[in-house]
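*Asks:* whatever this is, show me its structure:
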Amino acid sequence: MFESMKTRVVIFSRVSTLAQDYQRQTDELLEYASKMGYSVERIFEEKISGAKKNEERKELMAMMSFIKSNQIEKVLTWELSRIGRNAVQVLQVVEMLNEAKVSLFIKNYNLETLNPDGTVNPLSQFMVQILNSVNKMERQTIVQRLQSGYKQHRALNKPVGRKPGVQIKTDEQFLQENKEVAKLLKQGYSVRKVMKLTDRSSGTVQKVKKLFSI
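*Replies:* Here you go, the predicted model:
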């Protein structure tokens with residue numbers, strides 16, 4: 001008997017600032033894909049403000065180009081705000097995916113934008129709009145709380161911001177700390193094998209692979 005073809009998917013993760021890390025998002029999506037028996041064809045990760053226009057987001061545009069030419073069936077993302085930070089942005093991406101017959105899976109809500117037969121799930125379209133509005137309100141509330149806390153600290157003459165001596169790890173430092181991972185990847189070992197040999201997470205190995213373009 002012939003083995004059934006695995007569903008071909010890509011993962012999309014995003015954080016807003018260089019100080020943040022998308023590894024947790026990617027790791028959990030890889031774990032989900034493995035559980036579902038999906039074939040992860042590519043991982044797209046970007047560090048860019050969600051306020052940027054879609055056409056200005058190189059990683060997002062690269063993903064759209066990739067899925068159209070590689071028979072991708074699903075895009076896995078952790079939450080809706082990873083796709084965009086406003087309704088217009090999110091709905092534009094969802095519409096592009098719908099036209100390409102690619103379903104968007106939003107893990108934290110276990111929600112898919114397309115039905116199994118490839119038709120648009122009207123309930124999911126409605127929920128996407130609602131969830132996006134809720135996310136926007138939550139972000140506004142967080143910003144207001146941060147501003148209030150900042151003013152309170154200033155009023156009490158307390159220091160704000162990053163503690164002295166705390167540095168953001170550069171790509172060069174990251175690669176230096178994971179030289180063995182890069183060495184094994186260059187030797188042709190699979191990501192899973194490298195994970196076992198180096199005791200590194202899948203996100204770390206995938207990041208090394210991407211930085212070295214292995």
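*Asks:* wait, residue 105 sits on residue 112?
*Replies:* Yes: the pair residue 105 and residue 112 passes the contact test of Cβ atoms under 8 Å, sitting 5.2 Å apart. C-betas here are computed from N, CA, C, even on glycine.
*Asks:* what's the overlap in contacts for those two?
*Replies:* Here residue 105 and residue 112 share the contacting residues residue 74, scored by Cβ atoms under 8 Å, 6 or more residues apart in numbering.
*Asks:* of the two, which one has the most company?
*Replies:* residue 105 (22 against 14; other Cβ atoms under 10 Å).
*Asks:* any idea how far residue 181 is from residue 116?
*Replies:* 37 Å (Cβ to Cβ, to the nearest Å).
*Asks:* look at these two and report which has more neighbours.
*Replies:* Comparing residue 181 with residue 116 by other Cβ under 10 Å, the one with more neighbours is residue 181, at 25 against 8.
*Asks:* for the chain, which segments are assigned as strands?
*Replies:* 8-15, 39-47, 74-77, 103-106, 111-112 (DSSP state E).
*Asks:* nearest to residue 189, out of the ones you listed?
*Replies:* Among the strands of the chain, the nearest to residue 189 by Cβ to Cβ is strand 39-47 (17.0 Å).
*Asks:* could I get the strands of the chain as JSON lines with mean pLDDT and distance to residue 33?
*Replies:* Conversion of those to JSON lines gives the following (pLDDT from 0 to 100; distance: least, Cβ to Cβ, whole Å):
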{"stretch": "strand 8-15", "mean pLDDT": "91", "distance to residue 33": "6"}
{"stretch": "strand 39-47", "mean pLDDT": "90", "distance to residue 33": "5"}
{"stretch": "strand 74-77", "mean pLDDT": "96", "distance to residue 33": "6"}
{"stretch": "strand 103-106", "mean pLDDT": "94", "distance to residue 33": "10"}
{"stretch": "strand 111-112", "mean pLDDT": "90", "distance to residue 33": "14"}
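*Asks:* adding distance to residue 191, write those strands out as a markdown table.
*Replies:* Rendered in a markdown table, the data for the strands of the chain read as follows (distance: least, Cβ to Cβ, whole Å):
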| stretch | distance to residue 191 |
| --- | --- |
| strand 8-15 | 13 |
| strand 39-47 | 9 |
| strand 74-77 | 16 |
| strand 103-106 | 21 |
| strand 111-112 | 26 |
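*Asks:* how about those, which one is nearest residue 85?
*Replies:* Among those, strand 8-15 sits nearest to residue 85 (Cβ to Cβ), with 9.6 Å.
*Asks:* ok, back up a step: quick check: which of the strands of the chain is nearest to residue 199?
*Replies:* Of these, the one closest to residue 199 (Cβ to Cβ) turns out to be strand 39-47, at 20.3 Å.
*Asks:* now do the contacts for the residue lying closest to residue 82 once chain neighbours are set aside.
*Replies:* Excluding its sequence neighbours, the residue lying closest to residue 82 (Cβ to Cβ, 6 or more residues apart in numbering) is residue 14, at 4.6 Å. By Cβ under 8 Å, 6+ apart, the contact set of residue 14 is 22, 25, 45-48, 50, 59, 82-83.
*Asks:* could you measure from the residue nearest the centre of the chain over to residue 195?
*Replies:* The centroid of the chain falls nearest to residue 13 when counting by Cα atoms, centre = their mean (0.7 Å). According to Cβ to Cβ, residue 13 and residue 195 sit 18 Å apart.
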